[in-house]
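>>> return atomic coordinates for the entry below.
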Amino acid sequence: MSSNLDSLKPYVKYLANRFLEECKKQNFPVKIYYTLRTIEEQNELYAQGRTKPGKIVTNAKGGQSYHNYGLAFDAAPVVNGNIDWNNEALFNKMGKIGQSVGLEWGGSWASFKDTPHFQWAGGLSIGDLQRGKSPVFPQNFSNNQGTSPKPQVPQQLLSIGIKDVKVFQQIAGLTADGIIGDKTNSAILEISKKTLCKKGSTGIAVRYIQYKVGGKITGTFDDDTLRLVKAWQSNKKITSDGIVGDLTWKSFFAS
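Model prediction:
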């Protein structure tokens, strides 16, 4: 089995390097220990715990793993120079870092969680790959020209009109680490609810509103926020009442 990043598809290699760079920035040592697996190697791994000694580590036979197509890699946290296989918290942190750069993490799967596993398949299923389809890389990725694509923005952020994780975290008053963890997810969910806000309201939703209308971000819907919301509504041809209801929320998300 290979651990060479060059055996990965170009965009997956790029994401793997982004993952390693982000781990380094956070002073969080990791090791990528598997990349491409041949069909024969995959079948050998599948046999483990079934017809051969050892623990079952995969449900995928040869041709049924994204590893077989250069679209996946396995990584693990390193402590004092050695892989720490038993520290769930470290694997969870590693998983969130991978997700932040646009990778799918096996630890987020509902069944058969695979915490060392990361992949990017461009929306293709194993069946698609078996039928000979290849993933389409993002349009701004050019392997030949040596240019690097911007990291993919999570859809849940795009849906509320934000294109940068760290910017959103600053708006919400969270640590701007670029990782969508529980607190960031909760903040996104709170804003997505489109709760009616008006003078006197407080909280993360108000901070978002203040960002959108160009006010000082305090988290309290004060007179200045009221004035700016009315101006926003007037500009968007919404009833200028200073109350942030459904139409005003939609205008925020669309801008």
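
>>> so where's this structure shaky on pLDDT?
Scanning the chain for pLDDT under 70 picks out the ranges 1, 139-154.

>>> which strand in it has the most residues?
Longest strand in the chain, counting residues (DSSP state E): strand 72-79.

>>> tell me which other helices or strands that one touches.
Strand 72-79 sits against helix 10-25, strand 30-34, helix 88-100, strand 117-119, with contacts defined as 3 or more CB pairs under 8 Å, 6 or more residues apart in numbering; DSSP states H and E. Where C-beta positions appear, they are placed from N, C-alpha and C, glycine not excepted.

>>> tally up the residues packed near the nearest residue to residue 49 once chain neighbours are set aside, please.
Nearest non-adjacent residue to residue 49, counting by CB to CB, 6 or more residues apart in numbering: residue 56, 3.4 Å away. The local packing of residue 56 (other CB atoms under 10 Å) involves 12 other residues.

>>> just residue 77 next, same as before
22.

>>> please verify my assumption that residue 56 contacts residue 112.
No - between residue 56 and residue 112 there is no contact under CB atoms under 8 Å: 9.4 Å.

>>> what's the closest of the helices and strands packed on strand 72-79 to residue 242?
Nearest to residue 242 among the helices and strands packed on strand 72-79 is helix 88-100 (36.3 Å), distances taken as CB to CB.

>>> can you tell me the element the residue nearest to residue 49 falls in?
Using DSSP states H and E, residue 56 falls within no helix or strand.

>>> quick one, what contacts it?
By CB atoms under 8 Å, 6 or more residues apart in numbering, the contact set of residue 56 is 48-50.

>>> leaving out the residues flanking it, which one is nearest to residue 218?
In space, and not counting its chain neighbours, residue 218 is closest to residue 210: 6.8 Å by CB to CB, 6+ apart.

>>> okay, now that neighbour: neighbour count?
The number of residues packed near residue 210 is 22, by other CB under 10 Å.

>>> cool, and residue 243?
Count around residue 243 with other CB under 10 Å applied: 17.

>>> what sits closest to it if chain neighbours are left out?
Spatial nearest neighbour of residue 243, chain neighbours left out: residue 198 (4.6 Å); criterion: CB to CB, 6+ apart.

>>> so can I have JSON lines of the contacts of residue 56 showing neighbour count and secondary structure?
Below are the contacts of residue 56 laid out as JSON lines (neighbours: other CB atoms under 10 Å; DSSP: H, G, I helix; E, B strand; the rest coil):
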{"residue": "48", "neighbour count": "14", "secondary structure": "strand"}
{"residue": "49", "neighbour count": "13", "secondary structure": "coil"}
{"residue": "50", "neighbour count": "8", "secondary structure": "coil"}
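
>>> quick one on the thing from earlier: the residue nearest to residue 49 and residue 50, how far apart?
7 Å (CB to CB, to the nearest Å).

>>> dump the residue contacts of residue 46.
Residue 46 sits in contact with 58-62, where contact means CB under 8 Å, 6+ apart.

>>> just these: which are in strands?
The members of these all map outside strands under DSSP E.

>>> neighbouring contacts of stretch 26-36?
Applying CB under 8 Å, 6+ apart, the contact partners of stretch 26-36 are 1-5, 7-8, 16, 19-20, 23, 67-68, 70, 72-79, 83, 93-94, 97, 116, 177.

>>> buried among these? Make that a PyMOL selection.
Per 16 or more other CB atoms under 10 Å, the buried members of those correspond to this PyMOL selection:
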select buried, resi 2+5+7+8+16+19+20+23+67+68+70+72+73+74+75+76+77+83+93+94+97+116+177
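
>>> let me know the closest of the contacts of residue 46 to residue 205.
The closest of these to residue 205 turns out to be residue 59 (CB to CB; 42.0 Å).
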